[in-house]
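*Asks:* Turn this into a model:
(one chain, ligands or ions: 2)
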Amino acid sequence: MDEGVVENAELVALYDVARERCEKLASELKRFKPRIASCFEELLGSKPDVVVEAASQQAVREYGLRVLESGADLIVLSVGALMDRDLLAKLVEAARRKRRHIYTPSGAIAGLDAVYALSLNGIRSVRLVTRKPPRALKDAPYVREKGINLDETREPTTIYVGPASEAVKYFPANVNVAAALSLAAKKEATVEIVADPTVERNIHEIHVDSEASKLTIRVENTPSPMNPRTSYLAALSAIALLKRLADERLWIA
Ligand SMILES: NC(=O)C1=CN([C@@H]2O[C@H](COP(=O)(O)OP(=O)(O)OC[C@H]3O[C@@H](n4cnc5c(N)ncnc54)[C@H](OP(=O)(O)O)[C@@H]3O)[C@@H](O)[C@H]2O)C=CC1
Ligand SMILES: O=C([O-])CC(=O)C(=O)O
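*Replies:* Ligands and ions are numbered 1, 2, ... in the order given. Got it, this is the predicted structure:
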């Protein structure tokens, strides 16, 4: 799985609260022989140039600053954590001071380059409609807190409408894309979440209204076989970013 993709880089270390998950991943790799770190300090001890967070919003809060302070770039997938303005300001300040970068890849969506471009001239409204099979949503804090029973859902049901900063707390493993979208738009997205038993894919629709363009983007993603909440595209997006960085930015799409 790791052959022939990111050529000019080494995977130096892996860290997860559950060590056996790193061991399983490492056993599936052919080219890379990463150290399996038993704590986050040990991961940083490998002196990485880039650390990819693919864990949780809590992990961004726990380790984000330490990554930048260690002199590494930080790629964030649990972008929801960055809706916390204080945390974002601290990370940006550390990145500036250490001359490193924070990257938020497009993850499970597309078109953030255009959304960012439109933000330069001001965006009137930005909306995300996320549609996932009920099994991908049933463990979300919001669903549990409100006692919503998704096992009996027979038709598409809107279970949540609200601002991105709230949505990423209620659905921390489902709509990090709402944060990536809001940061690109420089405007908080309104998020609608639909539990849809008629779909097998994780579907994200972006609607942006601005003077320069009306933008509609729809992405239908195959879920990861290991985690139905997560789209396969999100992992590919992080790998594609690593590849661009490892190729020393000779070509940026
Ligand atoms: N930006 C985007 O477009 C997308 C973002 N995501 C986000 O990316 C993240 C990773 O997704 P995915 O790989 O599917 O998640 P998984 O839950 O499948 O895997 C994450 C792993 O990280 C571990 N972990 C969580 N928190 C910590 C921590 N503080 N320290 C150490 N290990 C930790 C988890 O352990 P445990 O299970 O014990 O918590 C788990 O083993 C998620 O937050 C997800 O929501 C996903 C898809 C798209
Ligand atoms: O993978 C997806 O479809 C989106 C996702 O989980 C997230 O943004 O957290």
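
*Asks:* Output the set of residues of the stretch 101-250 of the chain in proximity to ligand 2.
*Replies:* 107-108, 173-177, 202, 221, 229-231, 234 (C-beta under 6 Å from any ligand atom). Every residue, glycine included, has its C-beta placed from N, CA and C.

*Asks:* ok, which pair from those is furthest apart?
*Replies:* Between any two of these, the greatest separation by C-beta to C-beta is 14.4 Å, found for 173 and 221.

*Asks:* Out of the helices and strands in the chain, which is least certain?
*Replies:* helix 232-246 (a mean of 94; mean pLDDT, DSSP states H and E).

*Asks:* and stretch 52-71, C-alpha only, in CSV?
*Replies:* What follows is stretch 52-71, C-alpha atoms only, in CSV (Å, rounded to 0.1, in the frame of the first residue of the first chain):
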residue,chain,number,x,y,z
VAL,A,52,0.0,14.1,10.1
GLU,A,53,-2.7,14.2,12.7
ALA,A,54,-5.4,11.6,11.8
ALA,A,55,-6.7,10.9,15.2
SER,A,56,-9.2,13.3,16.8
GLN,A,57,-9.9,16.9,17.6
GLN,A,58,-8.6,16.1,21.1
ALA,A,59,-5.3,15.0,19.6
VAL,A,60,-5.0,18.4,17.8
ARG,A,61,-5.6,20.1,21.2
GLU,A,62,-3.1,17.8,23.0
TYR,A,63,-0.3,17.7,20.4
GLY,A,64,-0.7,20.4,17.8
LEU,A,65,1.4,23.0,19.6
ARG,A,66,4.1,20.5,20.5
VAL,A,67,4.5,19.5,16.9
LEU,A,68,5.1,23.1,15.8
GLU,A,69,7.3,23.9,18.8
SER,A,70,9.4,20.8,17.8
GLY,A,71,10.1,22.4,14.4
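
*Asks:* close to ligand 2, is that stretch?
*Replies:* No - residues of stretch 52-71 are not located near ligand 2 by C-beta under 6 Å from any ligand atom, the shortest gap being 9.3 Å.

*Asks:* Can you tell me what sits against that stretch?
*Replies:* With C-beta atoms under 8 Å, 6 or more residues apart in numbering as the test, stretch 52-71 has contacts from 16, 40, 44, 47, 51, 73-78, 80-82, 84, 87, 90-91, 94-95, 98, 100, 102, 168, 172-173, 176, 235, 238, 242.

*Asks:* swap in stretch 3-21?
*Replies:* Contacts of stretch 3-21 (C-beta under 8 Å, 6+ apart): 2, 22, 25-26, 29-32, 34-40, 42-43, 46-48, 55, 239, 242-243, 245-248.

*Asks:* And it, what's buried?
*Replies:* Within stretch 3-21, the residues scored as buried using 16 or more other C-beta atoms under 10 Å are 6, 11, 12, 13, 14, 15, 16.

*Asks:* hmm, that stretch in reach of ligand 1?
*Replies:* Yes - Stretch 3-21 is in contact with ligand 1 by C-beta under 6 Å from any ligand atom, via 16, 17, 18, 21.

*Asks:* Same check on stretch 111-123?
*Replies:* No - on the criterion C-beta under 6 Å from any ligand atom, stretch 111-123 is out of touch with ligand 1, staying 9.9 Å away.

*Asks:* list the contacts for residue 139?
*Replies:* 173, 229.

*Asks:* which SSE is it in?
*Replies:* In the assignment (DSSP states H and E), residue 139 maps to no helix and no strand.
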